[in-house]
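Chemist: got a sequence here, can you build the structure:
(one chain, ligands or ions: 1)
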Amino acid sequence: MSDGPNTRPGASTTTNAGRPVSSDEHSLSVGRDGPVVLHDAYLIEKMAHFNRERVPERVVHAKGGGAYGTFRVTGDVREFTRADVFQPGRETPLLARFSSVAGEMGSPDTWRDPRGFALKFYTRHGNYDLVGNNTPVFFMRDPQKFQDFIRSQKRDPRTGLRDHTMQWDYWSLSPESAHQVTWLMGDRGIPRNWRRMDGFGSHTYMWVNAEGRRVWVKYHFLTDQGNDFLPQAEADLLAGQDADFYRRDLSTAIERGDHPSWTLKVQIMPAEDAADYRFNPFDLTKVWPHADYPLIEVGRMTLKENPENHHIHVEQAAFEPSNLVPGIGPSPDKMLLARMFSYPDAHRYRIGVNYDELPPNRPRVPVRSYAKDGRMRSFAPDTAAPYHPNSFGGPDAGEQTGVDEASWPVEAGELVREAYSAHRDDDDFVQPRALIRDVMDDAARERLVSNIAGHMSSVADHGVLTRALKYWRDVDSDIGERVAAALNGG
Ligand code: HEM
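Modeler: This next block holds a predicted model:
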């Protein structure tokens, strides 16, 4: 907020250029009853700015809310990573944005959907973004399928309506979606609010320690408020009563000093385990059972401050899985690798080429990039000359050639379009079946059946319905039969 004279009570309204205006209510006119004139620059400015006051909403995750906070390291994971943000005792400022996926900007917060869990850590080595969800898995394992999947969840271009036939058609034709759909139809599909859900990095990432040793890692942000969900009927009611239920809950909690927190725990897989692990460790539709790789505590994230302006800090926030810092790398997960292209590309379109300079995205370390100019450039980089190499002491990367720190051995061969190589227990239905049988209790299974049957009840195509029932019988024969009975009114 400016503390200039214009914020004083009674100060004059100004144009965007700071010139005092003479009326907030009356346009400059030719006589009392005459037409308005083009040189009423204030009127023109008001109309023109209004016409441009939207940026396109995110193509997915359009509805969300966010807050600033910190991440404090409480554990000691130096053995696994040299990332500054995870060194013992370190406290790093961050921005979190929570969202739902398929609905538009104004859609009700309590619709059944996965929730986004996007974090931007302002580290001493630049921004580190972890762009995850409230589920540890996803609907597919190949990025080629993402766009089609999203279109099955969004509106039918013919009718402008969302359509459960499309959704079940896609899912039942894509058995690898079964694990995520089981999460979605279960209690985690509608958290009570954002404060009471867990967050996951979902993908497998790489950590590298000071000696250059690499491990594979999965992130779990466990809510300190306790996990809780909304039953379908309550969620439906709230969708009508308060479309912004989650956004309101988060900002009012922070406003009253009730700062939500999450404990970060990680699973670490030694690099040499990956080839023979019973599940392909880079398959985004799979978890690593905790019995195989137990949780190790890293630290705590606490949200403490509401943004002073939603558009500036939440709408213009640009998260990107490609923002990785020394000590953290990607993995052979094809979904993750594709996302590393997609997000910066989306930001350049949605916000503009210099999106990195906006307050929520601006790193809190010096930027010495040779990038130059472009729309809305407001920052002159300290590069001495606009090119490299130069003779004037401009920044230099030091040419660290050779094997990249965040690298892994790849099998040399032809370029192919193929499924991942299967590991011993890889099967699309094994893990959702275990989720239903081993994690859910009877009451949760009952709600699962009721949620699935309720969702499938509007599927209009008999073939799709039959295939969707087979999908559930493949996951768990008992659940499949109960869904069929519920759909038949049984
Ligand atoms: C947002 C693409 C998979 C989590 C987005 C956006 C795009 C996108 C284009 C909008 C970005 C913006 O305009 O700001 C993709 C592609 C995927 C993929 C191409 C797969 C190939 C995933 C997965 C997760 C995820 C697997 C979670 C594990 C998110 C979140 C946001 C988002 C949380 C919202 C970020 C924010 O709050 O601004 N995605 N996505 N996405 N995606 Fe993905």
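
Chemist: from now on I want contacts and neighbour counts done on CA atoms only, so please keep to that.
Modeler: Fine.

Chemist: contacts only, for residue 149.
Modeler: Neighbouring residues of residue 149 by CA atoms under 8 Å, 6 or more residues apart in numbering: residue 170.

Chemist: SS state for it?
Modeler: helix (DSSP: H, G, I helix; E, B strand; the rest coil).

Chemist: who's in contact with stretch 208-226?
Modeler: 78-83, 195-207, 260-271, 327-329, 331, 405-406.

Chemist: would you mark the buried spots in that stretch?
Modeler: For stretch 208-226, the neighbour count (16 or more other CA atoms under 10 Å) marks 208-209, 213-224 as buried.

Chemist: for it, list the C-alpha coordinates in CSV.
Modeler: Output of stretch 208-226 as CSV, limited to C-alpha atoms (Å, rounded to 0.1, in the frame of the first residue of the first chain):
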residue,chain,number,x,y,z
VAL,A,208,21.2,-34.8,-4.1
ASN,A,209,23.4,-34.4,-1.0
ALA,A,210,26.6,-32.5,-0.6
GLU,A,211,28.7,-35.5,-1.8
GLY,A,212,26.6,-35.7,-5.0
ARG,A,213,24.8,-38.9,-3.9
ARG,A,214,21.3,-39.1,-5.4
VAL,A,215,18.1,-40.5,-3.9
TRP,A,216,14.5,-40.6,-5.0
VAL,A,217,12.0,-38.7,-2.8
LYS,A,218,8.2,-38.3,-2.3
TYR,A,219,6.8,-35.4,-0.3
HIS,A,220,3.8,-35.6,2.2
PHE,A,221,2.5,-32.4,3.8
LEU,A,222,0.4,-33.7,6.7
THR,A,223,-2.2,-31.3,8.0
ASP,A,224,-1.7,-30.5,11.7
GLN,A,225,-5.4,-29.5,11.9
GLY,A,226,-6.4,-33.2,11.4
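
Chemist: so which of the contacts of stretch 208-226 belong to strands?
Modeler: 199-200, 205-207, 261-270, 328-329 (DSSP state E).

Chemist: after the helix or strand residue 92 falls within, which helix or strand is next?
Modeler: Using DSSP states H and E, residue 92 sits in strand 91-100. Later in the chain than strand 91-100, the nearest helix or strand by DSSP H and E is strand 115-123.

Chemist: and the angle for that next one with strand 91-100?
Modeler: With axes from the mean of the first three to the mean of the last three CA atoms, to 10 degrees applied, the angle from strand 115-123 to strand 91-100 works out at 160 degrees.

Chemist: right, is stretch 220-229 up against the ligand?
Modeler: No - using CA under 6 Å from any ligand atom, stretch 220-229 stays clear of the ligand, with a minimum separation of 11.6 Å.

Chemist: can you measure across that stretch, start residue to end residue?
Modeler: Distance across stretch 220-229, first residue to last, is 18 Å (CA to CA, to the nearest Å).

Chemist: average model confidence for it?
Modeler: Averaged across stretch 220-229, pLDDT comes to 98.

Chemist: same check on stretch 162-173?
Modeler: pLDDT averaged over stretch 162-173 gives 97.

Chemist: closest point of the stretch 151-300 of the chain to the ligand, which residue?
Modeler: residue 202 (4.9 Å; CA to the nearest ligand atom).

Chemist: give me phi/psi at the nearest residue to that residue once chain neighbours are set aside?
Modeler: Nearest non-adjacent residue to residue 202, counting by CA to CA, 6 or more residues apart in numbering: residue 136, 4.4 Å away. Dihedral angles of residue 136 (phi, psi; degrees, to the nearest 10) stand at phi -80, psi 0.
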